[in-house]
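Asks: what's the 3D shape of this:
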Amino acid sequence: MKKRILLSILALAGLGLYAQTAVKVEVSFTYTRLSGSGSNQFAVWIEDAQGRYVKTLYATRFTALGGWKKRDLSIPQWVKQSGLAAMSQSQIDAITSPTPQTGGVRYVWDGTDSAGRAVPAGEYKVFVEASLRNENRVIYTAPVQVGGKPAQVTAQAHYFGLSTAERGMIGPVTVKY
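Replies: Have a look, this model is predicted:
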């Protein structure tokens, strides 16, 4: 009898562990490539409820490979939050790729932190920051409840700078979990 109880407890613990690692958060939006310089840079990342960096899902290669030093207006919040200056080359390579072509883009968070460890259930926040043109940028934010009921939310946009001409670079951001 004790053996059955122990096996049941282990099985339930295993199911709990599986549920924690089965997190899938999809971040999607339409990206429209702009012509000219000082634009087309963006990053997608996760923070916990206390505003601590958890993981980057994507960052444009130009900025991540040092473009932020040449152009300090290139996705500055992500640069600061991610600790980019202290990242190794292999860490940078894991989160970057060239700026995509115009069209729909999708990034998936598997519920792990930047070290690959499963995060605990709780509140998190998705960020999408984009340099629209020089000082003009946008930061989209959306709450995510890991371990909660599935949901789909549209991220809130917060614009910086006066120009509105480039606001179509990043379309509405949808987060599904």
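Asks: ok, which stretches of the protein are strands?
Replies: Counting by DSSP state E, the segments of the chain that form strands are 25-31, 41-48, 53-60, 96-97, 103-109, 122-133, 136-146, 152-154, 156-160, 174-176.
Asks: same list (those strands) but as CSV, adding mean pLDDT.
Replies: Compiled in CSV, the strands of the chain are given as follows (pLDDT from 0 to 100):
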stretch, mean pLDDT
strand 25-31, 98
strand 41-48, 98
strand 53-60, 98
strand 96-97, 92
strand 103-109, 98
strand 122-133, 96
strand 136-146, 97
strand 152-154, 97
strand 156-160, 97
strand 174-176, 98
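Asks: okay, those in JSON lines with distance to A115 and mean neighbour count next?
Replies: All C-beta spots, glycine's among them, are computed from the backbone N, C-alpha and C. Formatted as JSON lines, these follow (distance: least, C-beta to C-beta, whole Å; neighbours: other C-beta atoms under 10 Å):
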{"stretch": "strand 25-31", "distance to A115": "18", "mean neighbour count": "19"}
{"stretch": "strand 41-48", "distance to A115": "13", "mean neighbour count": "23"}
{"stretch": "strand 53-60", "distance to A115": "9", "mean neighbour count": "21"}
{"stretch": "strand 96-97", "distance to A115": "18", "mean neighbour count": "14"}
{"stretch": "strand 103-109", "distance to A115": "14", "mean neighbour count": "15"}
{"stretch": "strand 122-133", "distance to A115": "16", "mean neighbour count": "22"}
{"stretch": "strand 136-146", "distance to A115": "17", "mean neighbour count": "20"}
{"stretch": "strand 152-154", "distance to A115": "27", "mean neighbour count": "12"}
{"stretch": "strand 156-160", "distance to A115": "29", "mean neighbour count": "13"}
{"stretch": "strand 174-176", "distance to A115": "23", "mean neighbour count": "19"}
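Asks: which among those strands is found nearest to S82?
Replies: Nearest of these to S82, taken as C-beta to C-beta: strand 53-60 at 5.5 Å.
Asks: ok, and what's touching that closest one?
Replies: The contact list for strand 53-60 (C-beta atoms under 8 Å, 6 or more residues apart in numbering) reads 27, 40-48, 75, 78, 81-83, 95-99, 107-109, 112-114, 119, 124.
Asks: if T141 is in a bridge, with which residues?
Replies: Beta-bridge partners for T141, by DSSP bridges, are F127, Q156.
Asks: likewise W109?
Replies: Residues in a beta bridge with W109, per DSSP bridges, are V25.
Asks: mind giving me a markdown table with the strands of the chain and columns for distance to S90?
Replies: Formatted as a markdown table, these follow (distance: least, C-beta to C-beta, whole Å):
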| stretch | distance to S90 |
| --- | --- |
| strand 25-31 | 23 |
| strand 41-48 | 18 |
| strand 53-60 | 13 |
| strand 96-97 | 11 |
| strand 103-109 | 19 |
| strand 122-133 | 23 |
| strand 136-146 | 26 |
| strand 152-154 | 33 |
| strand 156-160 | 32 |
| strand 174-176 | 28 |
